[in-house]
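A.B. asks: Make a model of this:
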Amino acid sequence: MNEKPLISTQTLCSHYNIEISFVDALNNMGLIQIEIIEQNQFIHQDQIGDLEKIIRLHNELNVNLEGIDVVFNLLEKERKLRNELNVLKNRLKLYEND
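C.D. replies: Have a look, this model is predicted:
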C-alpha cells in the first residue's frame, strides 16, 4: 500500500496554536481535506504547506476565510495559466526551429 502519511488535526491544532473549529471551517470551504478514521480527524501530510500558508494569511495579514479562498483560487488559476503558457511556448519553439 502506498498511502500518504496522515497527521491528527488535534496535533496540528496544538502545534500551530489554532482552534479545531478553524480547521473544520477550512474543510467546509474545501481549502483542505480532512480524513475521518475511527472518529478521529486527520489531514494528509502534503496539505501541511497549504495549511501553514492559510494560517499565516489569517494571523499575520488578518485575511478572513473568504479572502483566503479567493487567494487560493487566484493562485490556482495563475498556476494553470503558467502551465498553459509553457506548453504554448514549447509548441512555438517547434515551429521556430524549422
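A.B. asks: Can you show me the strands along the chain?
C.D. replies: 6-8, 34-37, 40-44 (DSSP state E).
A.B. asks: Tell me which other helices or strands the shortest one touches.
C.D. replies: Other helices and strands packing on strand 6-8, by 3 or more Cβ pairs under 8 Å, 6 or more residues apart in numbering; DSSP states H and E, are strand 40-44. The C-beta positions use only the backbone N, C-alpha and C, and glycine is treated the same way.
A.B. asks: Just the CA trace of the strand it packs on, in CSV.
C.D. replies: Output of strand 40-44 as CSV, limited to C-alpha atoms (Å, rounded to 0.1, in the frame of the first residue of the first chain):
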residue,chain,number,x,y,z
ASN,A,40,-10.6,11.0,14.6
GLN,A,41,-9.8,13.7,12.1
PHE,A,42,-6.6,13.6,10.1
ILE,A,43,-5.0,15.7,7.4
HIS,A,44,-2.7,14.4,4.7
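A.B. asks: tell me which residues in that strand are buried?
C.D. replies: Burial within strand 40-44, assessed by neighbour count using 16 or more other Cβ atoms under 10 Å, is assigned to 41, 42, 43.
A.B. asks: For this protein, give me the ranges with low pLDDT.
C.D. replies: Applying pLDDT under 70 to the chain flags residues 1-4, 98.
A.B. asks: Tell me which residues of the top helix by length along it come out buried.
C.D. replies: When the chain is parsed with DSSP state H, its longest helix is helix 65-96. Neighbour-count burial for helix 65-96, counted by 16+ other Cβ under 10 Å, picks out 65, 68, 69, 71, 72.
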